[in-house]
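> give me a 3D structure for the following:
(one chain, ligands or ions: 2)
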Amino acid sequence: MNPTLKFKDAWGYSPAPETFAVDIQAQYGLFIGGEFREGVEGKLIPSLNPATEEKLFDFTEAGSADVDGAVKAARKALPGWRRLSGMERGKYLFRIARRLQERAREFAVLETMDGGKPIKEARDIDIPEAAKHFFYYAGWADKLDFAFPGRTAKEVGVCGQIIPWNFPLLMAAWKIAPALACGNTVVLKPAETTPLTALRLAQVFQEVDLPPGVVNIVTGAGATGQALATHPGIDKLAFTGSSAVGKWLAEALAGSGKRHTLELGGKSPHIIFEDADLDQAVEGIIQGIYFNQGQVCCAGSRLFVQESVLAEVSKKLQLRLETLRIGDPLDKNTDVGAINSKQQLNTIQGYIKTGKAEGRQYHQGGTGKLPKKGFWCKPGWFEGVQASDTIAREEIFGPVLAVMSFRTAEEALKRANNTPYGLAAGIWSDKGARIFEMARRLKAGVIWCNTYNRFDASSPFGGYKESGFGREGGLQGLRAYLEEIS
Ligand code: NAP
Ligand code: MG
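Ligands and ions are numbered 1, 2, ... in the order given. Okay, here's the model as predicted:
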């Protein structure tokens, strides 16, 4: 105990050690052929810290000539990279993983500053999970012959990869690690609001002497993504983002012969039965919807509660909500950070307005003083939501939960499945048989039972219906990057 600690300080918090200074360049180029280059058109885009609205740095907007250069660099690097033995490729992946671990604190701070997520999430989830993906796929690189017994597989070729802003480094790792393990080369486009950790990752590639051109990183906005997706020189596209852009890409790629995998949006249900441990369930619900301010593709954004415990669950939910600390994302005690961009904040506020206009009662929580600047949204939930309400049907991608009730398991199943999405689901019950039956009949790629938002590099992740197709992670994640030839 610090002897100088005054009584009133005992209720406040000391500054987090994570607030140490990190090195951010004023300007970043494009990472092509193993080095940073200026863009052909010389256009720059600012990246903000969404918690302060301050500009952190400028990055380069890649035009079609730059994308073309990156695809050519990836093509040039392909023969050398695929000729390496799996063991050699694995060594590079191990080195990347180790480097990420060594620099974990720096990466966590950069991720939080550029994207607004609480440092405890960046520190405990994003960065360690990203490193785990490189470790996991490093292990597969020399065992590909055993991945699909009786089949021979070879790499797909040059992979275009487009990722969103909610898990910038983790999404990059999900995509790059299996691609490289299988002998492919990559052109990656990070999201416009969060390119920083992908650019820092490019420096890691230089530090571990990854052969030039094996991974290229082209920053920019939607037009850069479009130029990459439609470039004739890529053999495969891996996209994670909204269902709207995913649908457009699927149409654009139809008939091109290019392989593609799409990881899209969600409107995932939680189902709480009356026999569940309600405190545990409420904790899971909170984790499921307020984690990363609800900007999570598999956020548990629809909550179905068995009618007999609805009042109790609602009370517990509100009580717990009021204890969530909202504010400076760099403070390690912060539970709810900043919304990623002004645009996303407007979208969320629009949905809250619609929910109220459709007659539903809105409750908010969160404690702590909101900073004057930045993009903030207190966590909240709607009471008495009907299946036809906009907030029950559309992905909000923010800290807003729609609470509904049900009487029988059959009704809960029907209503949970009544969505164009199918990414994840959560079941809360004390009865194993009921959990298995529900899990079997829920149409969702990932189903968590008495827990939520648990990830592991060895388990596959992906959706049904409009949540996309293809799997990332685990043995199944290799399939997207291998061509089975016999
Ligand atoms: P988004 O607008 O679809 O953007 C995703 C990526 O695509 C960004 O890099 C974006 O660039 C780029 N892009 C935009 N327009 C494009 C076009 N016409 N052609 C090619 N690329 C284009 O999605 P978002 O709003 O960033 O991310 C949120 C969405 O992602 C949510 O729907 C969420 O559910 C989904 N998501 C899904 C998963 C999953 O695994 N299923 C994981 C995370 C997120 P700019 O950023 O520069 O616009
Ligand atoms: Mg930013």
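> now do the helix or strand where residue 269 lies: which elements does it pack against?
For residue 269, the element it lies in under DSSP states H and E is strand 268-272. Under the contact criterion of 3 or more Cβ pairs under 8 Å, 6 or more residues apart in numbering; DSSP states H and E, strand 268-272 touches helix 278-290, strand 300-306, helix 409-417, strand 424-428. All C-beta spots, glycine's among them, are computed from the backbone N, C-alpha and C.
> quick one: that strand to strand 424-428, angle?
Strand 268-272 and strand 424-428 are oriented at 10 degrees to each other (axes from the mean of the first three to the mean of the last three Cα atoms, to 10 degrees).
> for strand 268-272, buried residues please.
Using 16 or more other Cβ atoms under 10 Å as the test for burial, strand 268-272 gives 268-272.
> stretch 196-209 now?
Quick answer for stretch 196-209 (16+ other Cβ under 10 Å): 196-202, 204-205, 208.
> what is the end-to-end distance of stretch 283-296?
Stretch 283-296 has an end-to-end distance of 17 Å (Cα to Cα, to the nearest Å).
> related to what we said a few turns ago, out of the helices and strands packed on strand 268-272, flag the one nearest residue 440.
With Cβ to Cβ, the closest approach to residue 440 among the helices and strands packed on strand 268-272 belongs to helix 409-417: 10.1 Å.
> care to break this structure down by domain?
Split into domains by automatic domain parsing, the chain comes to 27-264+465-485, 269-449.
> of all the ones you listed, which lies closest to residue 21?
Nearest to residue 21 among those is domain 27-264+465-485; the distance by Cβ to Cβ comes to 8.9 Å.
> contacting residues around residue 249?
When contacts are counted by Cβ atoms under 8 Å, 6 or more residues apart in numbering, residue 249 touches 229, 237, 239, 260, 262.
> burial check on the residue lying closest to residue 259 once chain neighbours are set aside, number of neighbours?
In space, and not counting its chain neighbours, residue 259 is closest to residue 236: 4.3 Å by Cβ to Cβ, 6 or more residues apart in numbering. Residues contacting residue 236 under the criterion other Cβ atoms under 10 Å number 22.
> whatever helix or strand residue 238 lives in packs against which elements?
Here residue 238 is covered by strand 236-240, with elements defined by DSSP H and E. Judged by 3+ Cβ pairs under 8 Å, 6+ apart, strand 236-240 is in contact with strand 158-162, helix 168-181, helix 222-229, helix 243-253, strand 259-263.
> go again with 6 Å.
Applying 3 or more Cβ pairs under 6 Å, 6 or more residues apart in numbering; DSSP states H and E, we find strand 236-240 packed against strand 158-162, strand 259-263.
> for the stretch 351-486 of the chain, give me the ranges with low pLDDT.
Of all residues in the stretch 351-486 of the chain, none has pLDDT under 70.
> do that again at 90, thanks
By pLDDT under 90, the low-scoring segments of the stretch 351-486 of the chain are 368-371, 466, 468-470, 484-486.
> middle-most residue in this protein, spatially?
By Cα atoms, centre = their mean, the mean C-alpha position of the chain lies nearest to residue 167, the distance being 3.7 Å.
> how near is the residue nearest to that one when sequence neighbours are not counted to residue 455?
The spatially closest residue to residue 167, leaving aside those adjacent along the chain, is residue 126, at 5.9 Å (Cβ to Cβ, 6+ apart). Applying Cβ to Cβ, to the nearest Å, the value for residue 126 to residue 455 is 10 Å.
> pLDDT (mean, whole number) over the strand holding residue 238?
Averaging pLDDT along strand 236-240 gives 96.
> quick check, nearest of the contacts of residue 249 to ligand 2?
Nearest to ligand 2, judged by Cβ to the ion, of these is residue 239 at 20.6 Å.
> tell me who's in contact with the closest one.
162, 249, 262 (Cβ atoms under 6 Å, 6 or more residues apart in numbering).
> only the buried residues of the longest helix along the chain, if you could.
Secondary structure of the chain per DSSP state H: the longest helix is helix 64-83. Buried positions in helix 64-83, judged by neighbour count with 16+ other Cβ under 10 Å: 64, 66-75, 77-78, 81.
> what's next to it, contact-wise?
The contact list for helix 64-83, computed with Cβ under 6 Å, 6+ apart, reads 30, 32-33, 39-40, 155, 158, 183, 185, 187, 211, 213-214, 216, 218, 227-228, 231, 233.
> cool, stretch 447-455 as well?
The contact list for stretch 447-455 (Cβ under 6 Å, 6+ apart) reads 129, 284, 287-288, 291, 300, 425-428, 435, 439.
> what subset of those is buried?
Neighbour-count burial (16+ other Cβ under 10 Å) applied to the contacts of stretch 447-455 gives 129, 284, 287-288, 291, 300, 425-428, 435.
> specify the local secondary structure of residue 128.
The three-state label given to residue 128 by DSSP: H, G, I helix; E, B strand; the rest coil is helix.
> ok, back up a step: any chance of the buried residues of strand 268-272 in CSV, with pLDDT and distance to ligand 1 too?
Listed next are those as CSV, based on pLDDT from 0 to 100; distance: Cβ to the nearest ligand atom, whole Å:
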residue, pLDDT, distance to ligand 1
268, 97, 10
269, 98, 15
270, 97, 17
271, 98, 20
272, 98, 23
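> now render the domains of the chain as TSV, adding distance to residue 459.
Listed next are the domains of the chain as TSV, based on distance: least, Cβ to Cβ, whole Å:
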stretch	distance to residue 459
domain 27-264+465-485	5
domain 269-449	8
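> let's have those in a markdown table, adding distance to ligand 2.
Listed next are these as a markdown table, based on distance: least, Cβ to the ion, whole Å:
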| stretch | distance to ligand 2 |
| --- | --- |
| domain 27-264+465-485 | 4 |
| domain 269-449 | 7 |
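> list the contacts of the spatially closest residue to residue 77 that is not a sequence neighbour.
Among residues not flanking residue 77 along the chain, residue 213 sits closest, at 3.1 Å (Cβ to Cβ, 6+ apart). Contact partners of residue 213, counting by Cβ under 6 Å, 6+ apart, are 33, 73-74, 76-77.
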